[in-house]
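**Q** structure for the following, please:
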Amino acid sequence: IEGVSAAYQNARNAGAEASVSTFEGINEGSPQWQKDLEKQVTDMFAPIVEDYMKLSDVETWEKSTPTYDQAAESLNQYRLGVVVKSLANFTIHAIIESGTLGQVEAARDFDSMVVGKLGIDRLAERATMLPFEAGIIRQAEYFYNAKHPTLIPTPSQLIDMVVKEVIPLDEFKQWMKFQGFDEIQSQRIWDSHFIAPDWGQILNAYYRGEITRAQVEELKILVDLDPKYNVIWDALIEVIPAVSELVNQRTKEVITQKEFEKNLQWHGFDKIWAGRIWDAHFQPPDLGDILTSWRRG
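**A** Now for the predicted structure:
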């Protein structure tokens, strides 16, 4: 802190000199005074900008994660450094505003254009409040929470209580009123909490004859399937036999070669692979068959 504060001591001294020379220029009526002052202001803020950039450099922490103690100490140094810079910045503001009667806005814009955009002001505020939040405010919050336990369970927690018969539905609605829900909305929340069957369970019920095809269409809406994709949902309703079963059906001439290729296409195989699967299914002769054929000429 002592090392970087020298730049701000120099800035304060330069600011005082700038204000004196400015008054002299105004009194003399020289038009050059404003340009000279703007250059002096720029020179004063150059080391401050450099130090701000050093404080904002996170490459050090990207290379090695600091320990808890190191992080707290670095954050405290950062906060103190920003305090020093803020005081120096404020001093320069005051000197320049008093010396130029508000005609130079460089010092005023420095906060919004540099400090604000780098997030230094927010980080300094957070660094200042963090010890109070962790050491005092959080403990005080626990104290008053215990002294005045007024929190209400969330809607999902209340629903779980009704499901497990800890509280009745009427009491659920009363607690929901404290959270701003009237009985109509509470009833709707309760009605919509039940678990609906998924698409696979709906299809299994249809396969077993428990629901009709028309009911399948109605249940699509309840499980939130987009009607724009009905061509896809409907294509999934029919179950395709396994490849081995299709080969068995083709072998026994239950289906034609064209049907065999079509069904394999539904599994993702084109006609070339369908032909290869069919050609490869034939059982070749074993060694005994070959020797028997050789003996028989």
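**Q** which stretches of the protein have low pLDDT?
**A** 1-66, 70-71, 74-124, 127-128 (pLDDT under 70).
**Q** show me it divided up by domain.
**A** Domain assignment for the chain, taken from automatic domain parsing, gives 2-144, 155-191, 199-235, 243-295.
**Q** and the contacts of the helix or strand where Asp234 lies?
**A** Of the helices and strands defined by DSSP states H and E, Asp234 is found in helix 230-235. Helix 230-235 has contacts (C-beta atoms under 8 Å, 6 or more residues apart in numbering) with 199, 220, 225. Heads up, the C-betas are built off the backbone N, CA and C, glycines and all.
**Q** gap between Phe269 and Thr251?
**A** Going from Phe269 to Thr251 by C-beta to C-beta, to the nearest Å gives 17 Å.
**Q** these two - which one has more neighbours?
**A** When Phe269 is set against Thr251 and neighbours are counted by other C-beta atoms under 10 Å, the residue ahead is Phe269, at 16 against 13.
**Q** just give me the neighbour total for the closest residue to that one other than its chain neighbours.
**A** Residue nearest to Phe269 in three dimensions, not counting chain neighbours: Ile277, with 6.9 Å by C-beta to C-beta, 6 or more residues apart in numbering. Ile277: 19 surrounding residues under other C-beta under 10 Å.
**Q** contact partners for Ile277?
**A** Taking C-beta under 8 Å, 6+ apart as the contact definition, Ile277 lies against 243, 247, 264, 269.
**Q** which element is the last one on?
**A** Just to be clear, that refers to Phe269. Taking DSSP H and E as the criterion, Phe269 maps to no regular element, lying outside all helices and strands.
**Q** one step back: which one of the contacts of helix 230-235 has the most neighbours?
**A** Counting by other C-beta under 10 Å, Lys220 has the largest number of neighbours within the contacts of helix 230-235, with 18 neighbours.
**Q** and that residue, its phi and psi?
**A** Note on Lys220: its backbone torsions stand at phi -60, psi -40 [degrees, to the nearest 10].
**Q** can you tell me the closest non-neighbouring residue to it?
**A** Nearest non-adjacent residue to Lys220, counting by C-beta to C-beta, 6+ apart: Trp233, 6.5 Å away.
**Q** do Gln187 as well
**A** In space, not counting the residues next to it along the chain, Gln187 is nearest to Lys173; the distance is 7.3 Å by C-beta to C-beta, 6+ apart.
**Q** that neighbour in helix, strand or coil?
**A** Secondary structure assignment for Lys173 (DSSP: H, G, I helix; E, B strand; the rest coil): helix.
**Q** quick one: it from Pro155, how far?
**A** Distance from Lys173 to Pro155, counting by C-beta to C-beta: 11 Å.
**Q** comparing those two, which residue is more hemmed in?
**A** When neighbours are counted by other C-beta under 10 Å, Lys173 and Pro155 differ, and Lys173 comes out ahead with 20 against 17.
**Q** residues contacting the more buried one?
**A** Lys173 makes contact with 183, 186-187, according to C-beta under 8 Å, 6+ apart.
**Q** which among the residues you listed gets closest to Tyr206?
**A** Gln187 (30.7 Å; C-beta to C-beta).
**Q** what packs against the helix or strand containing that closest one?
**A** Using DSSP H and E, Gln187 sits within helix 183-191. For helix 183-191, the helices and strands in contact under the criterion 3 or more C-beta pairs under 8 Å, 6 or more residues apart in numbering; DSSP states H and E are helix 155-163, helix 169-178.
**Q** tabulate the CA atom coordinates of that helix in PDB.
**A** Output in PDB follows, covering the C-alpha atoms of helix 183-191 (Å, rounded to 0.1, in the frame of the first residue of the first chain):
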ATOM      1  CA  GLU A 183     -57.400 -21.500  -3.000                       C
ATOM      2  CA  ILE A 184     -58.100 -21.800  -6.700                       C
ATOM      3  CA  GLN A 185     -54.400 -21.500  -7.600                       C
ATOM      4  CA  SER A 186     -53.500 -23.800  -4.700                       C
ATOM      5  CA  GLN A 187     -55.900 -26.500  -6.000                       C
ATOM      6  CA  ARG A 188     -54.400 -26.100  -9.400                       C
ATOM      7  CA  ILE A 189     -50.900 -26.500  -8.100                       C
ATOM      8  CA  TRP A 190     -51.900 -29.600  -6.200                       C
ATOM      9  CA  ASP A 191     -53.700 -31.100  -9.200                       C
END
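**Q** that one to helix 155-163, inter-axis angle?
**A** Going by axes from the mean of the first three to the mean of the last three C-alpha atoms, to 10 degrees, helix 183-191 is angled at 70 degrees with respect to helix 155-163.
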